[in-house]
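K.L.:
Structure, please.
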Amino acid sequence: MEIKDLEAKIDELIQLCDELERKQAMMEADRDNWRQERTRLLEKNEMAKSKVEAMILRLKALEQD
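P.N.:
Here you go, the predicted structure:
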């Protein structure tokens, strides 16, 4: 292999590493967004559960009257 061939291969590997670093950064940002969305949805689900439980208790109380 010639020096120029090695230089070309090294340049290609550098570009590949740069691309992989960009993709990894994007994936990490996506993961953070998904985690935030998951947390938000879990909180929303818990609120809905509490409301349903409160409604059930009110209905049971009405039945007893």
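K.L.:
burial measure for residue 22, as a count.
P.N.:
10 (other Cβ atoms under 10 Å). C-betas here are computed from N, CA, C, even on glycine.
K.L.:
contacting residues around it?
P.N.:
Applying Cβ atoms under 8 Å, 6 or more residues apart in numbering to residue 22 gives no contacts.
K.L.:
With residue 26 instead?
P.N.:
Applying Cβ under 8 Å, 6+ apart, no residues contact residue 26.
K.L.:
element containing it?
P.N.:
Residue 26 is located in helix 3-64, with elements delineated by DSSP states H and E.
K.L.:
could you give the mean pLDDT of that helix?
P.N.:
Per-residue pLDDT over helix 3-64 has a mean of 97.
K.L.:
how distant is it from the center of its chain?
P.N.:
1 Å (Cα atoms, centre = their mean, to the nearest Å).
K.L.:
go on, stretch 57-65?
P.N.:
42 Å.
K.L.:
What residues sit buried inside that stretch?
P.N.:
Residues of stretch 57-65 include none that count as buried (16 or more other Cβ atoms under 10 Å).
K.L.:
switch to numbering from 27
P.N.:
Let's use 27 as the start, then, which means that last one is stretch 83-91.
K.L.:
With just CA atoms, put that stretch into CSV.
P.N.:
The C-alpha trace of stretch 83-91 is given here as CSV (Å, rounded to 0.1, in the frame of the first residue of the first chain):
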residue,chain,number,x,y,z
LEU,A,83,-65.3,6.3,46.1
ARG,A,84,-67.9,9.0,45.4
LEU,A,85,-70.1,6.5,43.6
LYS,A,86,-69.8,4.0,46.4
ALA,A,87,-70.7,6.8,48.9
LEU,A,88,-73.8,7.6,46.8
GLU,A,89,-74.9,4.0,46.8
GLN,A,90,-74.7,3.9,50.6
ASP,A,91,-77.0,6.9,51.0
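K.L.:
and the gap between the most centrally placed residue in the chain and residue 66?
P.N.:
In the chain, the centroid-proximal residue (Cα atoms, centre = their mean) is residue 60; its distance is 1.9 Å. Computed as Cβ to Cβ, to the nearest Å, the residue 60 to residue 66 distance reads 11 Å.
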